[in-house]
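**Q** When you get a sec, could you give me coordinates for this:
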Amino acid sequence: MKTIGVLAFQGDVREHLASVEAAGAKSIEVRTAAELASIDGLILPGGESTTISKLARIFELFDPLKSAIANGMPTFGTCAGLILLADRILDGIEGQETFGGLDVTVRRNAFGHQTESFETNLAFKGIEGPDMVAAFIRAPIIEQVGVEAEVLATLSTGAVVAVRQNSILGISFHPEVTDENRVHRFFIDSMVSA
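**A** Numbering: from 1, shown residues only. Take a look at the predicted model:
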């Protein structure tokens, strides 16, 4: 059984742990380099991207995370996690850092404030069955996709909301809050176990 770590500084940690277990893998919280070294795949949860990156610096995990991702650690980022995986950010705060790895440009809070959060049905390339219910909460949008990244999902407007690049998966929405475990299963089956 594969072990999936959830970066546990801030955000939807418990929900992701539950989704990983529901998808058939073992889940653990990750806050240290030793915990990072013990996992087969990593989830960067939603939350506040600047807070997560600052806490990673404080807990001396920023560089080990950046290195693990660069060296092929299967990594899945949702919402703020997508921002943390993007090579380029629009509307970031001055000096905002990312772990990088996804050849994309992401715009923070592209849909506006919390009050403009919404749910919609979404088809996802590589996931069979009915469209999933996708929750967008202060979500980013992927404005530019580099040649290495593959688009997996778009909104009806054409806006890109999910991409894959090698062992990295980044999405704008929150499957963990709608009990949509198929995205976690897709990550585990096609990127961690492959």
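**Q** show me what contacts the closest residue to Phe62 other than its chain neighbours?
**A** Nearest non-adjacent residue to Phe62, counting by Cβ to Cβ, 6 or more residues apart in numbering: Ala56, 4.1 Å away. In this view, the C-beta of every residue, glycine as well, is placed from N, C-alpha and C. The contact partners of Ala56, by Cβ atoms under 8 Å, 6 or more residues apart in numbering, come to 7, 9, 62, 65.
**Q** In strands only, show me those.
**A** Per DSSP state E, strands hold the following members of these: Leu7.
**Q** quick one: which of the contacts of Ala56 sit in helices?
**A** 62, 65 (DSSP state H).
**Q** most surrounded residue in the contacts of Ala56?
**A** The most crowded member of the contacts of Ala56, judged by other Cβ atoms under 10 Å, is Leu7 (28 neighbours).
**Q** doesn't Thr32 make contact with that residue?
**A** No. The criterion here is Cβ atoms under 8 Å, and Leu7 misses it with Thr32 at 11.0 Å.
**Q** Could you count how many residues lie near Glu128?
**A** 7.
**Q** I misspoke; the intended subject was Gly146.
**A** 13.
**Q** which residues of this structure fall in strands?
**A** Listed in chain order, the strands of the chain (DSSP E) span 3-7, 26-30, 41-44, 75-78, 86-90, 102-107, 118-122, 132-136, 141-145, 150-154, 160-165, 168-171.
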